[in-house]
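Visitor: Sequence and predicted model, in that order:
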Amino acid sequence: MKKIFLFIFSILTGIVVLLSSCSKDLMERTENAPALTPANIDLNAGIWKPILLSGPTEFMVAAPSATNTPDYIAQVNEIKTWQKDLTEEEKSIVKYWSAGAVLRWNEILRELVAKHNLPPYQNADGTYPIPNANNPLAYPQFPFANPPYAARAYAYVSAAEYDALVAAWYYKKLYNRPAPYTVDATVNPLIPKSDLPSYPSEDAVIEGVNTEMLKLLFPGDQDFIQQKAEEHKRARIIAGANVRSDLEAGEALGKLVAQKFVTRARSDRAGAAVGTPAIWTQMEQDCIARGETPWISQESPKRPPMLPLFGKVKTFLFDSLTMVTQIRPGPPPSTSSKQFKDETAEVLYYSQHPTRERKRIIDFWADGVSTLTPPGHWNSIAAEDFIKQNFSEVRWARNMALLNMAMMDAAIVCWDAKYAYFNPRPSQVDPAIKTLTGLPNFPSYVSGHSTFSAAAATVLGHIIPSRATDYNNMAVEAELSRLYGAIHYRSDIEVGFTAGAKVGNYAIQRAITDGAE
Amino acid sequence: MLKKLNEQIKFMIIFIMVLAPAVSIAQTDMDAIMMNKQQFCNGPIYDHSSWDHYWEGTFKRNNENLGTVTTQSVMFMSNYGITDKLNVMAAAPYVWTRASAGTLHGMKGVQDLSVFVKWKPVSKSFGKNKISLFTIGGFSTPLSNYVIDFLPMSIGLGSTNLTARGMVDFKHGRFTVTGSAAYIRRSNVKLDRDSYYDTGLHLTNEIKMPDAAYYQLRTGYRGRYLIAEALLTNWTTLGGFDITKNNMPFPSNRMNATMVGANIKYTLKKFTQLSLLAGGNYTIAGRNMGQSKAFNAGVFYAFYFGKRGKS
């Protein structure tokens, strides 16, 4: 008996061990991204047109010490000491950061957005708490990184990186200090060699911009951000890519440029975008006064609309007059019109006839709660394509800035229309419409996904013309996903798409004239 | 005879109503009942499970945007006695879900095929007592490409599972106690989207699924025609993460549940091919799952291919 027990026990144990031994480890798409090896170091990027800076010399970077001074030699010795005895962890951080600083910090930002993209839980009395930037760790944590918040965050960080790198490239060419492995042949570069002067360090510029910008945007995540920043700087020294003074000068420059963007962000009206109960009511009343059915929150308890005044935020690519006169979409079909009824019936059809392929499209583009948001999704798409383009860091930053300024301005255009018209969602006017994705808590017209996606596809098609058709097809799929999901009418997506494409064209206008093409 | 049958069915329905809310039905991978050699038993089971409260991590709450979430299924089960000590069984359910409030669309479809092999290598009698040991191996895999990323409306989690279970059954006259423990190896699963956040951002469509453990203690009466048992069941996910505040559930959450329940199986005396089954269970503790009340009912029909035996 005992033997048999033992026999069964060992069979079961054997099966369990066998089952648990196979690896479930994931391979993520950019985990093994190759080390950045620019096809062109863009040595003259110091003359590219900045976004906010008056010019590359607005912030002074002091001349570095010469490479034959004891100070410099001591710094090279720091590299050599690290390199003597490298741990696996040190090798892995070098590999991680070598893929590119703009790329990695963009991924970190996407992670922070996804972490914070959660609507607050209601209070006991049925009202909702609002996150407080001055008390970011208390529930609800600051920020609620919803799509407009995220679009703005991606834009500010990318634009600040770009301006700071234009300044850095100016000083790189001016001071022309070579990389440590060029000065001292006994330094072993753990990254591809480059002819780009290493002072100030472009990596540290990007790290400095991010640490400074993210204090504003994600004030509750400083431990995580600082840990990444320290790791990034250490990776550059271990790799023999920079000496400490390259990093210090770069980080200082990055922070100064970022502070200029922080100042702009503090006065861009985003802080007031939540509005007030009086404003929420007024928007509803205005809609009724126009003879239309107003949007009503379908959540229970009723949640105030998301960022009703985000449409007033200061744009990057055009002024507010241009937005209102040139880009703002015309009114949606009247809620009492035949067209509106027909479009509602179309939404009902998609609600009642989901196919597996449409569900795939809905889920692929949903980018809802707890995700990096639609602008973040387009950052992923762009970043993974940019990896293959072998851009320099400054060109990476410029292209990300164009993309993200377009998507932030698209968010502003879209939110402006949503609250100018306050149009109800399909499931509000026809309760038979059940949604195949989460129902966003704000007015329907125009679709955010469509506006973001058309803006992004337009910009990306300019940056990588060979992919223009693909990007357009992706944007079309993204807009349709919202109709298939039964949360938007056809007018919402089509008009949003047109508005987004217009915004994208303003970014192209900038791209043509910024000196990089 | 038909009249007698009707009475027995009535009796069964009363049983179902009294004991409404089972984790599983008699003659499954979870119990100590074996089919005899060449006996082939099969039939449908209907299951109804609903909850209006759930655990978001360890925080118990309701959600007015879901109301009551109901999952129903009709499962077809088959069980065949290769020998008296070796049974093989298979089942596949059609599942549909619905939320009573909010705008979310329900989901429906054919869920997972499961196949179990139950082996009773040891069975010893000591006077009125009998002790049996079982090992059970199982495999399950989705039969359709259903959406797993729309919890709690999704009809399943999409993983392909391998189960290894050990079970001990003690019988004293008609009184029985059965205890079992299983380790469930779950394959990674894939989403329709290409990134997700659990406790960090992952740039892949693949989710690392934590394995799970499944324990059950059941006790009761096991007669020739009537089997009635009380069940205590625990499902523990070995890893996974908690749903963050006001977030949606995710396939790799740490889903745990402890349930109490009861099962009845009644075989008609005059028509032993036919068995009626009913059961119910109630979740008494959980994590990242709904506090479900469930009941089920089914009918099994047995074919005797070989020498006539009894189920």
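Guide: That came through, no problem.

Visitor: can we go C-alpha only for contacts and neighbour counts from here?
Guide: Will do.

Visitor: What separation is there between the residue in chain A positioned nearest to chain B and residue B:47?
Guide: At 4.0 Å from chain B, residue A:364 is the closest residue in chain A, using CA to the nearest CA. Distance of residue A:364 to residue B:47, given as CA to CA, to the nearest Å: 32 Å.

Visitor: Please give me every residue in contact with residue A:288.
Guide: Shown in contact with residue A:288 (CA atoms under 8 Å, 6 or more residues apart in numbering or on different chains): residue A:294.

Visitor: go on, residue A:41?
Guide: A:195-196, A:391-392.

Visitor: Of these, keep whichever come out buried.
Guide: By neighbour count, with 16 or more other CA atoms under 10 Å in any protein chain shown, the contacts of residue A:41 hold A:196, A:391-392 as buried.

Visitor: okay, now residue A:290: neighbour count?
Guide: 11 (other CA atoms under 10 Å in any protein chain shown).

Visitor: oh sorry, the question was meant for residue A:232
Guide: Neighbour count for residue A:232, taken as other CA under 10 Å: 23.

Visitor: So which elements touch the host helix or strand of it?
Guide: Element membership for residue A:232 (DSSP states H and E) is helix A:222-238. When contacts are defined as 3 or more CA pairs under 8 Å, 6 or more residues apart in numbering or on different chains; DSSP states H and E, helix A:222-238 packs onto helix A:70-84, helix A:88-98, helix A:202-217.

Visitor: by how many degrees do it and helix A:70-84 diverge?
Guide: 100 degrees (axes from the mean of the first three to the mean of the last three CA atoms, to 10 degrees).

Visitor: Residues in contact with helix A:222-238: which ones?
Guide: For helix A:222-238, the external contacting residues (CA under 8 Å, 6+ apart) are A:78-79, A:82-83, A:90, A:93-94, A:97, A:190, A:203-204, A:207, A:211, A:214-215, A:242-244, A:247.

Visitor: Tell me which residues of that helix come out buried.
Guide: A:225, A:228-229, A:232-238.

Visitor: now stretch B:101-116
Guide: Buried residues in stretch B:101-116, counted by 16+ other CA under 10 Å: B:102-116.

Visitor: for stretch A:509-517, same thing?
Guide: Burial within stretch A:509-517, assessed by neighbour count using 16+ other CA under 10 Å, is assigned to A:511, A:514, A:516.

Visitor: Dump the residues you listed into TSV; add secondary structure as well.
Guide: Shown next, in TSV, are the buried residues of stretch A:509-517 (DSSP: H, G, I helix; E, B strand; the rest coil):
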residue	secondary structure
A:511	helix
A:514	coil
A:516	coil
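
Visitor: Just name the closest of these to residue A:71, please.
Guide: In terms of CA to CA, no member of the buried residues of stretch A:509-517 lies closer to residue A:71 than residue A:516, at 35.9 Å.

Visitor: ok, residue A:454 - contacts?
Guide: Contact analysis of residue A:454 by CA under 8 Å, 6+ apart lists A:472, A:475-476, A:497-501, A:504.

Visitor: which residue sits closest to the residue of chain A closest to chain B, ignoring its sequence neighbours?
Guide: residue B:193 (4.0 Å; CA to CA, 6 or more residues apart in numbering or on different chains).

Visitor: phi, psi of the one you found?
Guide: When read as degrees, to the nearest 10, the backbone of residue B:193 gives phi -100, psi 170.

Visitor: among the contacts of residue A:41, which two are most distant?
Guide: Largest separation among those by CA to CA: A:195 and A:391, giving 14.5 Å.

Visitor: where's the closest residue in space to residue B:255 that isn't next to it in sequence relative to residue B:235, distance?
Guide: In space, and not counting its chain neighbours, residue B:255 is closest to residue B:288: 5.0 Å by CA to CA, 6+ apart. Relative to residue B:235, residue B:288 is positioned 12 Å away (CA to CA).

Visitor: cool, and residue B:283?
Guide: For residue B:283 relative to residue B:235 (CA to CA), the value is 11 Å.

Visitor: Identify the contacts common to the two.
Guide: B:257-258.

Visitor: what residues does the stretch 51-200 of chain B put near chain A?
Guide: Taking CA under 8 Å from any CA of the partner chain as the contact definition, the stretch 51-200 of chain B meets chain A at B:64-65, B:102-105, B:122, B:135, B:145-147, B:149-150, B:162, B:164-166, B:183, B:185, B:187-188, B:192-197, B:199-200.

Visitor: Just the residues contacting stretch A:122-136, thanks.
Guide: If you take CA under 8 Å, 6+ apart as the criterion, stretch A:122-136 is touched by A:120-121, A:139-144, A:219-220, A:301-304.

Visitor: and the residues of the stretch 51-200 of chain B next to chain A, which are buried?
Guide: Buried by 16+ other CA under 10 Å: B:65, B:102-105, B:122, B:135, B:146-147, B:149-150, B:162, B:164-166, B:183, B:185, B:187-188, B:192-197, out of those.

Visitor: what about chain B, any weak spots by pLDDT?
Guide: Filtered on pLDDT under 70, chain B yields the residue ranges B:1-27, B:307-311.

Visitor: how close does the residue in it that chain A sits nearest to get to residue A:28?
Guide: With CA to the nearest CA, the shortest gap between chain B and chain A falls at residue B:193, namely 4.0 Å. Here residue B:193 is placed at a distance of 13 Å from residue A:28 (CA to CA).

Visitor: ok, back up a step: want to throw the helices and strands packed on helix A:222-238 into JSON lines with distance to residue A:125?
Guide: Formatted as JSON lines, those follow (distance: least, CA to CA, whole Å):
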{"stretch": "helix A:70-84", "distance to residue A:125": "58"}
{"stretch": "helix A:88-98", "distance to residue A:125": "48"}
{"stretch": "helix A:202-217", "distance to residue A:125": "29"}
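
Visitor: Residue B:249: which of the ones you listed is closest?
Guide: helix A:202-217 (26.7 Å).

Visitor: hang on, the earlier thing: mind giving me the PyMOL command for buried ones among the contacts of helix A:222-238?
Guide: Selection of buried members from the contacts of helix A:222-238 for PyMOL, criterion 16+ other CA under 10 Å:
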select buried, chain A and resi 78+79+82+83+90+93+94+97+190+203+204+207+211+214+242+243+244+247
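
Visitor: doesn't residue B:181 fall inside a strand?
Guide: Yes. Per three-state DSSP, residue B:181 lies within a strand segment.

Visitor: I am finished for the moment; much appreciated.
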